[in-house]
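1. The following comprises the amino acid sequence and a computationally predicted model.
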Amino acid sequence: MRTFYWYFRPIAVASKISGVFPIENVTSLDTSRLQFRAFSWSSLYTFLVFCFYSCTFYYFTDFIFYVPPSKIYISYVTGFIAGRSVISFMFCYGRLRKLPKLIRLLDTFDQRKSKYLTIPKICTKNKLRMIIFPVLLVSLCSFFTTFLSSQLVKKILPPDVVDNVKGTIACCFFSFLSSWQIYPSFLFIYFAVRITQNLHEINISMQQQNLMQDYFNDTTKFEPEMHQTLANIRLLHNMLSDCVHELGKCYGSFLAVDHLCIIAVFVLNISVFIYESNHDPHLLLLTVGNGIILMNTISVSHELKKSGSEIINLLHGIPSMVIPGQMQQEINIFFTQLMVRPIQISAGGYFILDKSYTLS
């Protein structure tokens, strides 16, 4: 059976080659071998690649020493983009030590779900809405924003550099550098979408096994052995709850800081667009791209929270007189666990990431 890591491994290998995924043993399908070590060849490679991107960009652009007075405002934008990449690198690098556990939990869930769940076939509409569309959207926006960032760099290059090979190299390496502010959001959305899909499978499986209240049927009864089925489902649900908790540990602080940076992007880009004489449309397009990524992150997190709490709607209406004693105990434990540890993404403890955050 092909489990989570079989599908994720190509992304992990490509990301490691790009220098943004310093995890050991990514080529192995044995997720127990995945590990993050601060002092390893993978970590050293990631650090050197990031420094190489930064130094090459500064070397080819003379960014520190030469900024035309007429393009000073654009230089503020490009400087902020480079600084945001450094901030993203700092906030993500150390917290990647939590990532192997998250991957292993998702892989183990896929191994066990066939034993306990009647796995539904997801219709094409739900597959597009829950899986393909969010990942595809953030991928396109990532490419879009990195391309626009490279176009802004061209505007601050010295005249003798902009149209030759040095200018092309500078733009390419600036795109690589700016990918560090997008790549963590892509991984967060990818993991959140997969967790949401697994929660959806649990909810559908409970409905198919009649572990819910049917308000249109007054003769609802549960067999005594149903408590074991519910216990198995609770185990799988707890695994996904741990996945959400680990996801918050890996990317929660990054999301909090990145959303603060995106607010600064809105203010800075719109201000430069107004005060700059040319009114460069790239600034507005870059702002829109960052806004789409932000809204996609919020939407995916809200969908995860909604799918995680759906099980309460399935169980809370069951009359107590039709529930066997051991099954009642399982339901009480289930509700207690959901109350103590709700399924939601905490952004480093600063706020809960759902649609209620949009207006804030």
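-> Yes, it's here.
2. Tell me, how many residues neighbour E225?
-> Residues near E225, counting by other C-beta atoms under 10 Å, number 10. Where C-beta positions appear, they are placed from N, C-alpha and C, glycine not excepted.
3. And the next helix or strand past the helix or strand hosting V265?
-> Taking DSSP states H and E as the criterion, V265 maps to helix 226-275. Next along the chain after helix 226-275, taking DSSP H and E as the criterion, comes helix 281-315.
4. Could you grab the helix/strand/coil label for S28?
-> At S28 the chain is in coil, as set by DSSP: H, G, I helix; E, B strand; the rest coil.
5. Quick one: residues contacting L177.
-> 50, 53-54, 57, 82, 85 (C-beta atoms under 8 Å, 6 or more residues apart in numbering).
6. what would those look like in TSV with pLDDT, distance to H237 and neighbour count?
-> Formatted as TSV, the contacts of L177 follow (pLDDT from 0 to 100; distance: C-beta to C-beta, whole Å; neighbours: other C-beta atoms under 10 Å):
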residue	pLDDT	distance to H237	neighbour count
F50	81	38	19
Y53	76	42	22
S54	75	44	19
F57	68	46	23
A82	78	43	22
S85	82	37	23
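7. Can you list the low-confidence ranges for the stretch 1-150 of the chain?
-> Counting by pLDDT under 70, the ranges of the stretch 1-150 of the chain that qualify are 1, 57, 59-70, 119-144, 147-150.
8. One more: the stretch 251-360 of the chain?
-> In the stretch 251-360 of the chain, residues with pLDDT under 70: 277-279, 319-320, 358-360.
9. Closest to the centroid, which residue in the chain?
-> Among the residues of the chain, the one closest to the centroid is F188, at 1.1 Å (C-alpha atoms, centre = their mean).
10. Next one: it from Y76, what distance?
-> With the distance defined as C-beta to C-beta, to the nearest Å, F188 ends up 28 Å from Y76.
11. and what of L314?
-> Distance check for L314 against Y76: by C-beta to C-beta, it reads 52 Å.
12. Near C55, how many other residues are there?
-> 11.
13. OK, contacts around the residue lying closest to R112 once chain neighbours are set aside?
-> Spatially, and ignoring its direct neighbours in sequence, R112 is nearest to L236 (6.6 Å; C-beta to C-beta, 6 or more residues apart in numbering). By C-beta under 8 Å, 6+ apart, L236 lies in contact with 109, 112-113, 116-117, 198, 202.
14. Now that we have these, which of them are buried?
-> Neighbour counting with 16 or more other C-beta atoms under 10 Å marks 109, 113, 116-117, 198, 202 as buried within those.
15. Can you name the two of the residues you listed that sit furthest apart?
-> Using C-beta to C-beta, the pair of these lying farthest apart is Y116 and N198, separated by 12.1 Å.
16. hmm, back to that, inside helices: which ones of the buried ones among the contacts of L236?
-> Taking DSSP state H as the definition of helices, the buried ones among the contacts of L236 contribute 109, 113, 116, 198, 202.
17. Which one of the contacts of L236 is nearest to L294?
-> N198 (24.7 Å).
18. surely the closest one meets L117?
-> No: here N198 lies out of contact with L117, judged by C-beta atoms under 8 Å, at a distance of 9.4 Å.
19. Centre of the chain to the helix holding V265, how far?
-> Relative to its parent chain, helix 226-275 has a centroid offset of 7 Å by C-alpha atoms, centre = their mean, to the nearest Å.
20. any idea of the angle it forms with helix 281-315?
-> Angle, helix 226-275 to helix 281-315, by axes from the mean of the first three to the mean of the last three C-alpha atoms, to 10 degrees: 160 degrees.
21. I'd like the distance between Y357 and E246.
-> Going from Y357 to E246 by C-beta to C-beta gives 21 Å.
22. the more surrounded of the two?
-> For Y357 versus E246, the count of surrounding residues by other C-beta under 10 Å is larger for E246: 20 against 16.
23. Now do the contacts for the more buried one.
-> Counting by C-beta under 8 Å, 6+ apart, E246 has contacts 98, 101-102, 105.
24. and with 6 Å instead?
-> By C-beta atoms under 6 Å, 6 or more residues apart in numbering, the residues touching E246 are 98, 101-102.
25. Pipe the residues you listed into CSV and attach secondary structure and distance to M339 per row.
-> Putting the contacts of E246 into CSV (DSSP: H, G, I helix; E, B strand; the rest coil; distance: C-beta to C-beta, whole Å) gives the following:
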residue, secondary structure, distance to M339
K98, helix, 24
K101, helix, 24
L102, helix, 23
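26. Looking at neighbours, which among the residues you listed is most surrounded?
-> L102 (22 neighbours).
27. what's the closest non-adjacent residue to it?
-> Counting by C-beta to C-beta, 6+ apart, the residue nearest L102 is E246, at 4.2 Å.
28. Can you check the pLDDT for that neighbour?
-> The score at E246 is 90. That number is its pLDDT.
29. That one and I189, how far apart?
-> Relative to I189, and taking C-beta to C-beta, E246 is found at 16 Å.
30. same check, this time on Q329
-> Separation of Q329 from I189 (C-beta to C-beta): 37 Å.
31. These two: which has the busier surroundings?
-> Taking neighbours as other C-beta under 10 Å, Q329 and I189 compare with I189 leading, 22 against 14.
32. Look up how far N25 lies from the more buried one.
-> I189 is 25 Å from N25, by C-beta to C-beta.
33. Noted, bye for now.
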